[in-house]
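Undergrad: Quick one, structure for this:
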Amino acid sequence: MTRALVTGATGLVGSYIAERLLADGWSVRALVRDAGAAAWLGALGVELARGDLADHDSQRSAMSGCDTVFHCAALIAATGDWSSFQHANIDGTRAIVEAASSAGARLVHTSSVAVYGSAARYRSAPTDEETPLAPLPEHAYYARSKREAEQIVLDAHAMGELWATAIRPPMIYGKRDRQLVPRFARLMQTGFFPLFGGGHSVFSLVHASAVADGAVRAATHDAAGGRAFNLTNDFPVTIADFVQLGANGLDRRVRGVSIPLSAARATFSILGAAAGLAKHEAMAEQLPGTVDTFSRDNPFTSERARSELGWSPTMIPVVGVPEAFRWWKENDR
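TA: Residues are numbered from 1 along each chain as shown. This next block holds a predicted model:
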């Protein structure tokens, strides 16, 4: 029986990967810091191994007998200092690479479209894996750490230390989402939601089950080694559609309020300046780009994953979005 270790298995992507592997007949082990908080995974049939990314001995022990590692653990917070991101995302990934190499296990690394940098996303052509990576601002801590972590993984493959591949999702939603859905839902509970330019742009969004599907396909596709795959286009959904479907899941009426783009850009520029004055440099650099994220069409293409991995997501937004908001309403308030 094929055995896999999943890091970050209590998170959104990791938990969906664990569920997918179990459904496919894999034996699954999860590296967890708190076995009590991960008891629900144990109830599904996941073997729990105590440890974390800072404890190299626990990593090596958890990988014993595993032939594949799905590395999903990462710091995703919008705030924090560089050392926090470096420790979690860079040093943690380097340790996983070393442990997987010693164990002779394959490694599937969960990266992010953040590696492209905001300047590289919106071009005349779709952003694919051959798009040159743009310079990153000094305080873009998350993007910088994810780019460096991914490079560590792909360099290790190139040097023959292990077989490794990387997946690059955009914003992700699904049950157990503690990032995107809660932010939308809390604002939607007011009964109103601002829609930049009417909310007609196609969201850069993917369901967690689609990310899990791509990760498992990459792990079992020999030619995926040393390559990165965008998992960024499962089904198109506009911002306005996302809000309406989310409202259905919350079982409440939410009115979308169209905000002119000029007003939105001015507002977020002011907010960014205020964050800078408050010494929140990372937030100051992120805020102005928020308007592009929520007013421009998804710039990414997943054609490589579709053609090479046979990636074919099945969770449609009309089902997945209400389900994600309903789960938040019932479990995470």
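Undergrad: Helices along the stretch 51-200 of the chain, start to end?
TA: 56-63, 82-85, 92-103, 118-121, 141-158, 180-188 (DSSP state H, counting those that start in this stretch).
Undergrad: Switch these over to CSV; also include mean neighbour count.
TA: Backbone N, C-alpha and C define where each C-beta goes, glycine included. Shown next, in CSV, are the helices of the stretch 51-200 of the chain (neighbours: other Cβ atoms under 10 Å):
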stretch, mean neighbour count
helix 56-63, 18
helix 82-85, 16
helix 92-103, 21
helix 118-121, 17
helix 141-158, 21
helix 180-188, 18
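Undergrad: What is the neighbour count of Pro260?
TA: Using other Cβ atoms under 10 Å, Pro260 has 11 neighbouring residues.
Undergrad: related to what we said a few turns ago, confidence-wise, which of the helices of the stretch 51-200 of the chain is weakest overall?
TA: Lowest mean pLDDT of the helices of the stretch 51-200 of the chain: helix 118-121, a mean of 80.
Undergrad: wait, what's in contact with Phe193?
TA: Phe184, Leu187, Val243, Val254, Arg255, Gly256, Val257 (Cβ atoms under 8 Å, 6 or more residues apart in numbering).
Undergrad: In this structure, what helix or strand scores lowest on average pLDDT?
TA: Taking mean pLDDT, DSSP states H and E as the measure, the chain has helix 281-286 as its least confident helix or strand, at a mean of 64.
Undergrad: Can you list the neighbours in contact with the helix or strand following that one?
TA: Sequence-wise, the next helix or strand downstream of helix 281-286 (DSSP states H and E) is helix 290-293. Residues from elsewhere that reach helix 290-293 (Cβ under 8 Å, 6+ apart): Ser118, Arg121, Tyr122, Phe196, Ser204, Leu261, Ala264, Arg265, Phe268.
Undergrad: before we move on, back to that, I'd like the helices of the stretch 51-200 of the chain laid out as TSV, including distance to Asp213.
TA: Output for the helices of the stretch 51-200 of the chain, formatted as TSV (distance: least, Cβ to Cβ, whole Å):
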stretch	distance to Asp213
helix 56-63	23
helix 82-85	28
helix 92-103	22
helix 118-121	24
helix 141-158	20
helix 180-188	19
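Undergrad: For Asp128, find the nearest of these.
TA: Asp128 lies closest, by Cβ to Cβ, to one member of these: helix 118-121, at 10.9 Å.
Undergrad: Out of the helices of the stretch 51-200 of the chain, which gets nearest to Ala49?
TA: Comparing these by Cβ to Cβ, helix 56-63 comes nearest, at 3.8 Å.
Undergrad: Report all helices and strands that the closest one contacts.
TA: Counting by 3 or more Cβ pairs under 8 Å, 6 or more residues apart in numbering; DSSP states H and E, the packing neighbours recorded for helix 56-63 are strand 27-32, strand 47-50, helix 92-103.
Undergrad: now these as a markdown table including distance to Ile172?
TA: Shown next, in a markdown table, are the helices and strands packed on helix 56-63 (distance: least, Cβ to Cβ, whole Å):
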| stretch | distance to Ile172 |
| --- | --- |
| strand 27-32 | 19 |
| strand 47-50 | 24 |
| helix 92-103 | 19 |
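Undergrad: Which positions in stretch 67-77 come out as buried?
TA: Thr68, Val69, Phe70, His71, Cys72, Ala73, Ala74, Leu75, Ile76 (16 or more other Cβ atoms under 10 Å).
Undergrad: Select from those every entry located in strands.
TA: Among those, the residues falling in strands (DSSP state E) are Thr68, Val69, Phe70, His71.
Undergrad: Return the member of the contacts of helix 290-293 nearest to Glu19.
TA: Among the contacts of helix 290-293, Ser204 lies closest to Glu19 (Cβ to Cβ), at 24.1 Å.
Undergrad: shouldn't the closest one be in contact with Pro169?
TA: No - between Ser204 and Pro169 no contact is recorded; they are 9.7 Å apart, counting by Cβ atoms under 8 Å.
Undergrad: joint contacts of the two?
TA: Val113, Thr232.
Undergrad: Please identify which of those two sits among more neighbours.
TA: Set side by side, Ser204 and Pro169 show more neighbours around Pro169, with 28 against 21, by other Cβ under 10 Å.
Undergrad: Could you tell me the per-residue confidence at that one?
TA: We note a pLDDT of 98 for Pro169 in this prediction.
Undergrad: Equivalent analysis for the one 10 residues further on, please.
TA: For Gln179, the pLDDT comes out at 92.
Undergrad: do Asp128 as well
TA: Looking at Asp128, its pLDDT reads 96.
Undergrad: Next up, the contacts around the residue lying closest to it once chain neighbours are set aside.
TA: In this structure, Asp128 finds its nearest non-sequential neighbour in Thr301, 5.1 Å apart by Cβ to Cβ, 6 or more residues apart in numbering. For Thr301, the contact set (Cβ under 8 Å, 6+ apart) comprises Pro126, Thr127, Asp128, Asn230, Thr232, Asn233.
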